[in-house]
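>>> Okay, predicted coordinates and the sequence, questions at the end:
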Number of protein chains: 2
Amino acid sequence: MNIVLLDPRQTESEYWSISSKRQLEHLQQHLEITVGDTLKVGIREGKRYLTEIVEVTEQAIKLKPLKEESVPAKLPVTLIVAMPRPKVLRRLIMDSVTLGVEKMILLHSYRVDKSYWQTPFLQQLDHYVTLGLEQAGDTVAPQIEIHKRFKPFVEDVLPGLITAERPAYVAHPYVEQPMPFAIDHPCTIVIGPEGGFIPYEIDLLIKNGCQALSLGNRIIRTETVIPYVFGRLFSTC
Amino acid sequence: MNIVLLDPRQTESEYWSISSKRQLEHLQQHLEITVGDTLKVGIREGKRYLTEIVEVTEQAIKLKPLKEESVPAKLPVTLIVAMPRPKVLRRLIMDSVTLGVEKMILLHSYRVDKSYWQTPFLQQLDHYVTLGLEQAGDTVAPQIEIHKRFKPFVEDVLPGLITAERPAYVAHPYVEQPMPFAIDHPCTIVIGPEGGFIPYEIDLLIKNGCQALSLGNRIIRTETVIPYVFGRLFSTC
């Protein structure tokens, strides 16, 4: 937790107040904060501030804003990812938010086990988004969409996301052409499931405007390939 | 598991044999392999082959090598990382091996909880290295060293790893100079603990030859920053 995210309602009066159990526990037990310390605070969907702690009780921490700080810019990227196993989903959401994706789409695919869509984590996405934002020092949640049918998404929705200035890349181990690096334009990136997309899916993605590109001859897990490909694509950010 | 790693002793006769419980379970239950299927196999510290399955029993899978395949090259990097929490350690080892680090050093630092060094996972590193190699399709384990004292390591060992052709970079959020990208030379990269290195540690790293460089103004978790920085540094690999 590198900032504390507050709801705008918590910042309406002169002194602001942290009252969530999770945030209080982290600040009091892990960071051992005390009156007079400064604390970085973000207002959901809003600005970020350096604050000073003016009161600490068991039920709340009271803050006074000192000065505005800048909110980190998003990466200009839409991440489309095949729905991962529930345990991986949490980390994947957190990490993608931390890294700054603008928009995320969770997509069904042949090698996605249908049971993955039943996970209760899908009802708690907002919690993992919050953790990702608090890690990054960001305040603005990315848009997250769920598409449970591969073909209608790829044929009807995906082409609307692609333009000449905003290409779509699908990471694919069996092509020669390498993924670009240090790009200076927005893009959409498509990441397959464990075991990869099946050839029919790759063909359909290509037919609908994606470029299949290689990340080298090592096969990297979904949750690891996401930071890897962002580090590569946006190395000038 | 994208290849099955075998011990050289398992590949001495005309037919090779898989007998490890973990590998048999994965192949029979998850991949549902059957006689006549091909299977990618690596020999520890050796070559990689495409093989054909000639017999499947509960106790063993018998293979016939068909042809040699190439083993992916390592990234020319030494990764020095502050010892993470045990749960993170496993993923961090697996991912670093998958990504192809040549050498890893686990290092103590002020913000590393001393209890982390008691984890039983440190006795099982070889298992996580194997999982990482099997994910990547690699056969060669990186060298892993453990240094439980920060100052002696930084003053006495680290300078010997650094040359003009092989610089050392420490990822640090509070500097202006950005981490390079698409480099074409080997390097050492130093990643701090949760909460970062303390100023004394950063100063000592710099004094002993490291360059403190920024990865942008988002604060990324240790296990996420590793693929992120490798994607950035080695984008032409």
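Nice, I can see it. As the structure is a prediction and not an experimental result, all values here were calculated from the model. Numbering: from 1, shown residues only, chains lettered A, B, ... in the order given.

>>> just checking, residue A:230 touches residue B:230?
No - counting by CB atoms under 8 Å, residue A:230 stays clear of residue B:230, with 11.5 Å between them. (Each C-beta comes from the backbone N, C-alpha and C, glycine too.)

>>> how about low-confidence regions in chain A?
Applying pLDDT under 70 to chain A flags the ranges A:237.

>>> Next, the residue sitting nearest the centre point of it: phi, psi?
Chain A has residue A:97 as the residue nearest its centroid, 2.1 Å off, counting by CA atoms, centre = their mean. Per-residue torsions, residue A:97: phi -70, psi -40 (degrees, to the nearest 10).

>>> beta partners of residue A:168?
Residue A:168 has these beta-bridge partners by DSSP bridges: residue A:188, residue A:210.

>>> Residues contacting stretch A:44-53, please?
A:3, A:5-8, A:16, A:33-43, A:61-71, A:137, A:139-141 (CB atoms under 8 Å, 6 or more residues apart in numbering or on different chains).

>>> buried subset of the residues you listed?
Buried members of these, scored by 16 or more other CB atoms under 10 Å in any protein chain shown, are A:3, A:5-6, A:16, A:33, A:39, A:41-43, A:61-63, A:65, A:69, A:71, A:137, A:139-141.

>>> just checking: which of those residues also lie near chain B?
residue A:137 (CB under 8 Å from any CB of the partner chain).

>>> do you know how far the closest residue in space to residue A:191 that isn't next to it in sequence is from chain B?
Leaving aside its sequence neighbours, residue A:191 sits nearest to residue A:81 (CB to CB, 6 or more residues apart in numbering or on different chains; 4.5 Å). As judged by CB to the nearest CB, to the nearest Å, residue A:81 and chain B stand 15 Å apart.

>>> doesn't residue A:81 fall inside a strand?
Yes - counting by DSSP: H, G, I helix; E, B strand; the rest coil, residue A:81 is part of a strand.

>>> among the buried ones among the contacts of stretch A:44-53, which are in strands?
Here DSSP state E is the test, and these give A:5, A:6, A:16, A:39, A:41, A:42, A:43, A:61, A:62, A:63, A:65, A:69 as lying in strands.

>>> Output the residues you listed as TSV; include the columns distance to residue A:236.
Formatted as TSV, these follow (distance: CB to CB, whole Å):
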residue	distance to residue A:236
A:5	28
A:6	32
A:16	36
A:39	32
A:41	30
A:42	25
A:43	29
A:61	39
A:62	41
A:63	36
A:65	33
A:69	23
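
>>> Out of the residues you listed, which two sit at the greatest distance?
Pairwise distances across these peak at 19.6 Å for A:62 and A:69 (criterion: CB to CB).

>>> thinking again about what came up before, the residue nearest to residue A:191 pairs with what?
According to DSSP bridges, beta-bridge pairing links residue A:81 with residue A:106, residue A:191.

>>> What parts of chain A come near chain B?
Taking CB under 8 Å from any CB as the contact definition, chain A meets chain B at A:2, A:70, A:72, A:95, A:98-100, A:135-138, A:181-182, A:216-221, A:224-232, A:235-237.

>>> Identify all contacting residues around stretch A:105-115.
A:78-83, A:85, A:89, A:117, A:144-150, A:153, A:192-198, A:200-201.

>>> go again using 6 Å as the cut-off
In this structure, residues lying in contact with stretch A:105-115 by CB atoms under 6 Å, 6 or more residues apart in numbering or on different chains are A:80, A:82-83, A:145-148, A:150, A:153, A:193, A:195, A:198, A:201.

>>> what's the most distant pair in those residues?
Among the contacts of stretch A:105-115, A:145 and A:195 lie farthest apart (CB to CB), at 23.3 Å.

>>> circling back: in ChimeraX, how would I select the buried members of the residues of chain A next to chain B?
Only the buried entries of the residues of chain A next to chain B go into this ChimeraX selection, using 16+ other CB under 10 Å:
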select /A:2,72,95,98,99,100,135,136,137,138,181,216,217,218,219,220,221,224,225,226,227,228,229,230,231,232,235,237
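
>>> Mind checking which of the residues of chain A next to chain B are in helices?
A:95, A:98-99, A:135-136, A:224-232 (DSSP state H).

>>> I'd like the distance from residue A:201 to residue A:50, if you could.
Using CB to CB, to the nearest Å, residue A:201 is found at 47 Å from residue A:50.

>>> Which of the two has more residues huddled nearby?
In terms of neighbours (other CB atoms under 10 Å in any protein chain shown), residue A:201 is the more surrounded of residue A:201 and residue A:50; the figures are 22 against 14.

>>> quick revisit: weed out the non-buried ones from the contacts of stretch A:105-115.
Buried members of those, counted by 16+ other CB under 10 Å: A:80, A:82, A:83, A:147, A:150, A:153, A:193, A:201.

>>> ok, of the residues you listed, which one's closest to residue B:125?
residue A:193 (28.3 Å).

>>> Roughly how far does residue A:141 sit from residue A:128?
Using CB to CB, residue A:141 is found at 11 Å from residue A:128.

>>> among the ones in helices among the residues of chain A next to chain B, which two are most distant?
So, these by CB to CB: farthest apart are A:135 and A:232, at 21.0 Å.

>>> and residue A:168, how many neighbours?
Neighbours around residue A:168, by other CB under 10 Å: 21.

>>> cool, and the one 4 residues further on?
Around residue A:172 sit 21 other residues, with neighbours defined as other CB under 10 Å.

>>> wait, it sits on residue A:212?
Yes - the criterion here is CB atoms under 6 Å, and residue A:172 meets it with residue A:212 at 4.1 Å.

>>> Find the nearest non-adjacent residue to residue A:173, please.
residue A:219 (5.8 Å).

>>> I meant to write residue A:67 there.
residue A:50 (5.3 Å).

>>> What strand or helix carries that neighbour?
strand A:48-56 (DSSP states H and E).
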